[in-house]
Every structure is written in C-alpha cells, then in structure tokens.
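Asker: predicted structure and sequence below. I'll ask about it afterward.
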Amino acid sequence: MNDAANAPLVLVSDPLGPLGAVLREPGVTDVVVNAPDEVWRDRGLGLERVSVRFADAGAVRDLAVRLASAGGRRLDDASPLVDARLPDGTRLHAALPPIAQECALISLRTVRRAPFTMADLVTSGMVPAALEPTLAGLVRSRASLLISGATGSGKTTLLATLLSLVNHSERIVVIEEGGEVTPSHPHVVRLIERRANVDGVGEIGLARLVREALRMRPDRIVLGECRGAEVRDVLTALNTGHRGGMSTIHANSALDVPARLTALGSLAGMGREAVALHASAAFDAVVHVQREVSGRRVAQVGVLDGAAGLVVVSAVTAQADGHLERGPAWEHLVALAHEIEVPNGVA
C-alpha cells in the first residue's frame, strides 16, 4: 500500500492571508488595510471597500509581521516600519502602532508579470489613440524620457510598455528598488538595490548601481524611479552617449518636473544651474500621467529646455475625451519623434 497516496490532504494557507484572494482579482493593483474591518482595493478607478474582515487588530499585526518576514525584513516594536518585496514580487509597506494610531497599516501593490501592449493602453484610454504614434516614435528615435506622475498614476505601467517597443537588438539595463519594471523584451537585465542589514551594513544603493550599469554594455539605461541623490549619476550617465534612457519621477505635473529635479539634485550637492545644464542635455521629453475617477491616462507631454534655466515647455495636452491640444513645443516634439504628419485628432 502506498502510504503517501493515502495520507490526508494538507491545505497550505495563503501566505497573503485573507488579502490573497482580493489581490489576485482581475485588475486589482493595490490592497490596503486600515483597520480589522476596513480593507480596500484599487482596480484603477479609486479605492473600493471589500467585505474582508480580520478578527481583531492583533490579527492584522500578525499578518503584517509574517509578510515582512517573508520579504526578509524585520517588523516589530523596535522597527515598526517596513518596505519589502515579497517572494511573488508583491510590494509590501506596513506600519505598527504607535506609528500607526490604533491598528497596523498594510499596503500591498501587485507587480504585473505580463506588460500591457500599447494597443492595450490605447483601448483602456490611458494613451490617446492620436498620441500613440508620437510616443512610439520617441522610443524608436532613442529620445530620453522622464515619466512623471503621482503614486499609483501608472508611471511604471507606461514605462514597461514603452520599453517593450525598443528594438530587440538593444540591451536594456534596468536599475530598481524592486523588480517592478517588466517589459516584453528579449534582452533586459536588472540591478536591484540592496538595503543595509540589521547591523546597518551591506547597503548597495541606486547611485552605485547606475555607475555599475555603465560597465555592462548597455544600449539603454533605465532607472525605475528617480527619487534621491542618484539623480546625479543618472544625469551623468545620460550625458555620456547613452541615449534612449528612461526613468520615472514623482511630480504634480510635467511643468513641475524641473522643480522636482532641482530638489533631488540638491540632495547630491548639485546647484540649480548644474541641474539645469545636465538635465536639459540628458532628457528630451517629459510624459505626465495622472489618475482620475475615470482611470489613469497620459495627460501631457512636454519638452525640456535649459536655455534660460530648466523649464518644461508644453508640447501637447490630452483632454479626458482623448482630444489633443498642441502646445508651443509641438513641432519640437514631432521632430524628436521623427514624425512626418501630424496625427489625426490634434487641434
């Protein structure tokens, strides 16, 4: 008799606990827990409350601690905040009381394994159909792009889709905090930053990884998110003949990107003039995405100009109905994209 065949079936509990089923629902990008009876999901149209309930605040804390441990991080009273990557790629942020007022707070963000195609983004309304040829042209012409927007606006989604358009003969080196950028491309290699261990040693940050990427025969250097002093190394790298690089940056609008770059540059000891000089030579255009009640969409594309201090000159603004309005930098943008005809739908 085969004892193994007759052994009782042991059900393995979901490592994400009661949140697992919610996180795996089609279209869900984020799940957040505010209290034992307050669980919310985001399917691209804002937060929606779901029926999941925890027994009490202790159950929420226990799940947060288990998830942090699964991500190789520590979460306890001595270290009440954690930002970790789970084994399946899900991003975790958690905060314990007293940092969180009454109950542990959990935020989970999924990582899409198969990137959207440009056709997907056009169908969903994220990319206006009339703007698609211009964005694709910018990639083909090796323009260097900054994708700006708020948290959850779709910056990484758009970045992965644009990288999927890169010629398959090119080698893309992606530098990230975690493995979020997943383009459909046969030659993508990634460098992931390593944080310090519990003893405070062993950290390898984004700035060093950008420098290391230069030694890896890259055709395109991509920084998942420009958020600190590594901006100096990114600007330097993109001023050394490595065209076609891309990065994302948090900003309220395309026109606010220069102020954001200047602030990040100050963290690296760069003055305003140095940032303006390097940024205007490193990046060609800014693509701004925003999240609205109706969903996420590309709202504006601008061109960086450092002639009189760093500014972004609007090239085209996309209305919610997909209609495009040309700005003063439209002809420059068309030249960057090697466009011959103005796309239909542009005023």
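Answerer: Ah, there it is. Residues are numbered from 1 along each chain as shown.
Asker: was I right about residue 57 contacting residue 104?
Answerer: Yes: under the contact definition of C-beta atoms under 8 Å, residue 57 touches residue 104, with a separation of 7.0 Å. (C-beta placed from N, C-alpha, C; glycine too.)
Asker: ok, those two, which is more surrounded?
Answerer: residue 104 (26 against 15; other C-beta atoms under 10 Å).
Asker: lowest-confidence helix or strand of the protein?
Answerer: Averaged element by element with mean pLDDT, DSSP states H and E, the chain has its least confident helix or strand at helix 3-6 (a mean of 46).
Asker: what's in contact with the longest helix belonging to the chain?
Answerer: The helix of greatest length in the chain, counted in residues with DSSP state H as the criterion, is given as helix 57-70. When contacts are defined by C-beta atoms under 8 Å, 6 or more residues apart in numbering, helix 57-70 is touched by residues 15-17, 19, 33, 35-36, 54, 74-76, 82, 84, 86-87, 92, 94, 96, 102-104, 106.
Asker: list the buried residues of it.
Answerer: Of the residues in helix 57-70, those scored as buried under the neighbour-count criterion (16 or more other C-beta atoms under 10 Å) are 59, 60, 61, 63, 64, 65, 67, 68, 70.
Asker: got the buried residues for the host helix or strand of residue 331?
Answerer: The secondary structure element spanning residue 331 is helix 330-337 (assigned by DSSP states H and E). Applying a neighbour-count criterion of 16+ other C-beta under 10 Å, the buried positions in helix 330-337 are 330, 332, 333, 334, 336, 337.
Asker: which stretches of the chain form helices?
Answerer: The residue ranges that make up the helices of the chain, judged by DSSP H, are 3-6, 19-23, 57-70, 118-124, 132-140, 155-163, 206-213, 231-237, 257-267, 272-282, 330-337.
Asker: ChimeraX command to pick out the buried ones of the contacts of helix 57-70?
Answerer: For anyone working in ChimeraX, the buried entries among the contacts of helix 57-70, judged by 16+ other C-beta under 10 Å, can be selected with:
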select :16,17,19,33,35,36,54,75,82,84,86,92,94,96,103,104,106
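Asker: low pLDDT regions in the stretch 101-250 of the chain?
Answerer: Residues of the stretch 101-250 of the chain meeting the criterion pLDDT under 70: 113, 197-200.
Asker: beta partners for residue 40?
Answerer: The bridge-partner assignment for residue 40, based on DSSP bridges, gives residue 32, residue 49.
Asker: how far away is residue 267 from residue 42?
Answerer: Going from residue 267 to residue 42 by C-beta to C-beta, to the nearest Å gives 30 Å.
Asker: same drill for those two, tell me which one is more crowded.
Answerer: It is residue 42, of residue 267 and residue 42, that has more neighbours when counted by other C-beta under 10 Å, with 18 against 13.
Asker: dump the residue contacts of the residue nearest to the more buried one when sequence neighbours are not counted.
Answerer: Closest residue to residue 42 in three dimensions, ignoring its sequence neighbours and counting by C-beta to C-beta, 6 or more residues apart in numbering: residue 30, at 4.1 Å. With contact taken as C-beta under 8 Å, 6+ apart, residue 30 is in contact with 41, 42, 47, 107, 108, 109, 110, 152.
Asker: correct me, but residue 306 touches residue 277?
Answerer: Yes: judged on C-beta under 8 Å, residue 306 makes contact with residue 277 at a distance of 6.1 Å.
Asker: residue 155 versus residue 242, what's the distance?
Answerer: From residue 242 across to residue 155, the span is 21 Å (C-beta to C-beta).
Asker: swap that for residue 192, please
Answerer: When distance is defined by C-beta to C-beta, residue 192 is 18 Å away from residue 155.
Asker: more neighbours, these two?
Answerer: More crowded of residue 192 and residue 155, by other C-beta under 10 Å: residue 155, with 26 against 15.
Asker: what sits against the more buried one?
Answerer: Counted by C-beta under 8 Å, 6+ apart, residue 155 has contacts 147, 148, 149, 225, 248, 289.
Asker: who wins for neighbours among these?
Answerer: Neighbour counts for these were taken using other C-beta under 10 Å; the highest belongs to residue 148, with 29 neighbours.
Asker: the residue nearest to it when sequence neighbours are not counted: how many residues sit nearby?
Answerer: What sits nearest to residue 148 in space, not counting adjacent residues and going by C-beta to C-beta, 6+ apart, is residue 251, at 4.1 Å. Under the neighbour criterion other C-beta under 10 Å, residue 251 is assigned a count of 22.
Asker: need the distance between the two termini of stretch 164-181.
Answerer: 11 Å (C-alpha to C-alpha, to the nearest Å).
Asker: any idea how far it is from the chain center?
Answerer: From the chain centre to the centre of stretch 164-181 is a distance of 13 Å (C-alpha atoms, centre = their mean, to the nearest Å).
Asker: ok, stretch 257-273 next?
Answerer: Averaged C-alpha coordinates place stretch 257-273 at 20 Å from its chain's average position (C-alpha atoms, centre = their mean).
Asker: let me see the mean pLDDT of that stretch.
Answerer: Across stretch 257-273, pLDDT averages out at 93.
Asker: tell me the domain ranges of this protein?
Answerer: Dividing the chain into domains by automatic domain parsing, as the record does, gives the ranges 8-109, 118-337.
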